[in-house]
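Trainee: Model the following, please.
(2 chains)
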Amino acid sequence: MFKLIKQEKNTKARLGKLLTAHGEIDTPCFMPVGTQGTVKTLSPQDLKESSAQIILANAYHLFLRPGVEVIKKLGGLHKFISWDSPILTDSGGYQIFSLAFLRKVTDDGVEFQSHIDGLKHFITPEDVIRMQKDLATDILMPLDECVHYPSAKDSAEVAMQRTVDWARRSKKVTKSPPRLRSGQASHQVTGESKQLLFGIVQGATYEDLRKECAERLLEIGFDGYALGGVSVGEPKNLRYNIVNFTVAQLPVEQPRYLMGVGLPEDIIEAVGQGLDMFDCVVPTRYGRNGTAFTSSGKITVRNAPYIEDSRGLDSNCNCYTCKNFSRAYLRHLFNAEEILGLRLVSLHNVHFFLEMMRKMREAIRQDRFLEFKKKFLNKYNSNSKP
RNA sequence: GUGGGCGUAGCUCAAUUGGUCAGAGCGUCAGACUGUGGCUCUGAAGGUUUGCGGGAUCGUUCCCCGUCGCCCACC
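Mentor: Numbers count the residues shown, from 1 in each chain, chains lettered A, B, ... in the order given. I've put the predicted structure just below:
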């Protein structure tokens, strides 16, 4: 499942390999977000060419549309979206709490109204695992309750207890034999048995809650541990501290996933704290909004200074976008609201993030993570907006 | 030629019977977006102070005269 290859000498950063039913993933890794079964604007081919080893999809979204049953009938998510490498499915816990309206959370599960058609649904943690089993993805996330910042301790504690309880129930479902529907062959058992299930540590910004959550999840036992409820509006130093504290509660020999993070500087920081996996909408969402990440910092493509700029986004980048298109052209595309612009900048951003991860892994291998970090951030923050 | 209408930010238009600061949308410029958001939100610049000239008035974008431009109708 997870092989810890190396612990960096000067920091807590580490190098690893995560084995899944659809292949290996080098960690630390970044997982581009493909909420609805597609990393927005990018094809699987684009992702492969950017060296993406794993992508993320969202069970909540796929449940609402087109429906998990549909995907199951069509042979699972990999086949459906034509992606043969690993996929991690987020449960949709975050979405239910941030997107759906009229939600009612009980210990049993969540009642909510679809953000798409307003239809009422009630789903349990067991349902969410079954959905992901039907999707036949590689890494499953249990339903959890994610609280906002700031959050009073008592409500954070309730959410944490519920998350632990739901995690236990989720684990139980993964161990039970898969549901067999009429006409469904049982050969899927093998694939499903290889699915990994992660536990999600909640507890907001309270160390004792985080500690208790981690301990209880460890008792249940998972294939990896995620830190949830982070990047929900808390100050950076507070996040840094709580992440640091929480990581210390987790076993070294298992993968650690920081959910929803983040910006390049956030990821680098977290890698130094010993995190292995990351996902974030930032490269694609920013790409769609016309912000490109470059080794010299962010640039807003549609800004006027690029109107006649013949250079590519980043002279140090060899992605398709940078090798072929000028800033002037990209600016024009955004200005004219042409969809190619969204795609080209998204492609570049994903490439940039994945390349950054690759460089970090290399730096860890050579015990030069601090050097990498310093150099990267120096240039990234130089803000040498030409 | 005659009659009527209109000329206010780059564009389309607002401005209670002439009375604090001439506003909005779009566009432009610049930000924000961290497990959803091709969405959305935020901020700024921009009117020689309202085609130009004159007049009445304590005071007018809003009244009067002239002039220039555009539009409509009629001849």
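Trainee: Name the helix or strand for the nearest residue to residue A:251 once chain neighbours are set aside, please.
Mentor: When the adjacent residues along the chain are set aside, residue A:251 lies closest to residue A:218, with 7.0 Å between them (CB to CB, 6 or more residues apart in numbering). Backbone N, C-alpha and C define where each C-beta goes, glycine included. Secondary structure assignment for residue A:218, by DSSP states H and E: helix A:207-220.
Trainee: CA atoms of that helix as PDB?
Mentor: Extracted in PDB, the C-alpha atoms of helix A:207-220 (Å, rounded to 0.1, in the frame of the first residue of the first chain):
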ATOM      1  CA  GLU A 207      -5.400  20.300  19.600                       C
ATOM      2  CA  ASP A 208      -7.100  18.000  22.100                       C
ATOM      3  CA  LEU A 209      -9.900  17.300  19.600                       C
ATOM      4  CA  ARG A 210      -7.400  16.600  16.900                       C
ATOM      5  CA  LYS A 211      -5.500  14.300  19.100                       C
ATOM      6  CA  GLU A 212      -8.600  12.400  20.200                       C
ATOM      7  CA  CYS A 213      -9.800  12.100  16.700                       C
ATOM      8  CA  ALA A 214      -6.500  10.800  15.400                       C
ATOM      9  CA  GLU A 215      -6.200   8.300  18.200                       C
ATOM     10  CA  ARG A 216      -9.700   6.900  17.700                       C
ATOM     11  CA  LEU A 217      -9.200   6.700  13.900                       C
ATOM     12  CA  LEU A 218      -5.900   4.800  14.500                       C
ATOM     13  CA  GLU A 219      -7.800   2.300  16.700                       C
ATOM     14  CA  ILE A 220     -10.100   1.600  13.800                       C
END
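Trainee: ok, and does that helix reach over to RNA strand B?
Mentor: No. Helix A:207-220 is not in contact with RNA strand B by CB under 7 Å from any atom of the strand; minimum separation 11.9 Å.
Trainee: Can I get the helix or strand following that helix as CSV, trimmed to CA atoms?
Mentor: Counting by DSSP H and E, the element after helix A:207-220 in chain order, helix or strand, is strand A:224-227. The C-alpha trace of strand A:224-227 is given here as CSV (Å, rounded to 0.1, in the frame of the first residue of the first chain):
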residue,chain,number,x,y,z
GLY,A,224,-4.0,6.4,5.2
TYR,A,225,-5.0,9.5,7.2
ALA,A,226,-6.3,12.8,5.9
LEU,A,227,-6.4,16.2,7.6
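Trainee: Return the set of buried residues in strand A:224-227.
Mentor: Buried positions in strand A:224-227, judged by neighbour count with 16 or more other CB atoms under 10 Å: A:224-227.
Trainee: Then stretch A:367-385?
Mentor: Counting neighbours by 16+ other CB under 10 Å, stretch A:367-385 gives A:368-369, A:372-373, A:376, A:380 as buried.
Trainee: quick one on the thing from earlier: how deep is the residue nearest to residue A:251 tucked in, by neighbour count?
Mentor: Neighbours of residue A:218 under the rule other CB atoms under 10 Å: 16.
Trainee: Which residues are in contact with it?
Mentor: A:199, A:249-251 (CB atoms under 8 Å, 6 or more residues apart in numbering).
Trainee: Mind listing residues that contact stretch A:294-308?
Mentor: Residues outside stretch A:294-308 that contact it (CB under 8 Å, 6+ apart) are A:286, A:290-292, A:313-314, A:316-317, A:327-328, A:330-331, A:334-335, A:341, A:345, A:352, A:376, A:379-386.
Trainee: Ends of that stretch, what's the gap?
Mentor: Stretch A:294-308 has an end-to-end distance of 19 Å (criterion: CA to CA, to the nearest Å).
Trainee: Show me how far that stretch is from its chain's centre.
Mentor: When distances are taken as CA atoms, centre = their mean, to the nearest Å, stretch A:294-308 is centred 27 Å away from the chain's centroid.
Trainee: Show the average pLDDT along that stretch.
Mentor: Mean pLDDT, computed over stretch A:294-308, is 96.
Trainee: Residue A:268 versus the residue of chain A found nearest RNA strand B, what's the distance?
Mentor: Nearest residue of chain A to RNA strand B, counting by CB to the nearest atom of the strand: residue A:262, 2.2 Å away. Distance of residue A:262 to residue A:268, given as CB to CB, to the nearest Å: 10 Å.
Trainee: Could you do residue A:211 as well?
Mentor: On the measure of CB to CB, residue A:211 and residue A:268 end up 26 Å apart.
Trainee: now residue A:5
Mentor: Remark: distance between residue A:5 and residue A:268 (CB to CB) = 19 Å.
Trainee: between those two, who's got more neighbours?
Mentor: residue A:268 (23 against 14).
Trainee: so that one, which of the three states?
Mentor: Put simply, residue A:268 is helix when judged by DSSP: H, G, I helix; E, B strand; the rest coil.
Trainee: Not counting residues beside it along the chain, what's closest to it?
Mentor: Leaving aside its sequence neighbours, residue A:268 sits nearest to residue A:373 (CB to CB, 6+ apart; 5.5 Å).
Trainee: give me the element the one you found is part of.
Mentor: Assessed by DSSP H and E, residue A:373 sits inside helix A:369-380.
Trainee: so what does that helix touch, helix or strand wise?
Mentor: Helices and strands touching helix A:369-380, as assessed by 3 or more CB pairs under 8 Å, 6 or more residues apart in numbering; DSSP states H and E, comprise helix A:264-272, helix A:339-365.
Trainee: ok, now with 10 Å
Mentor: helix A:264-272, strand A:291-294, strand A:297-300, helix A:339-365 (3 or more CB pairs under 10 Å, 6 or more residues apart in numbering; DSSP states H and E).
Trainee: next structured bit after the worst-scoring helix or strand of chain A on mean pLDDT?
Mentor: Sorted by mean pLDDT, DSSP states H and E, the helices and strands of chain A end with helix A:188-193, the least confident at a mean of 44. As assigned by DSSP H and E, the chain's next helix or strand after helix A:188-193 is strand A:196-201.
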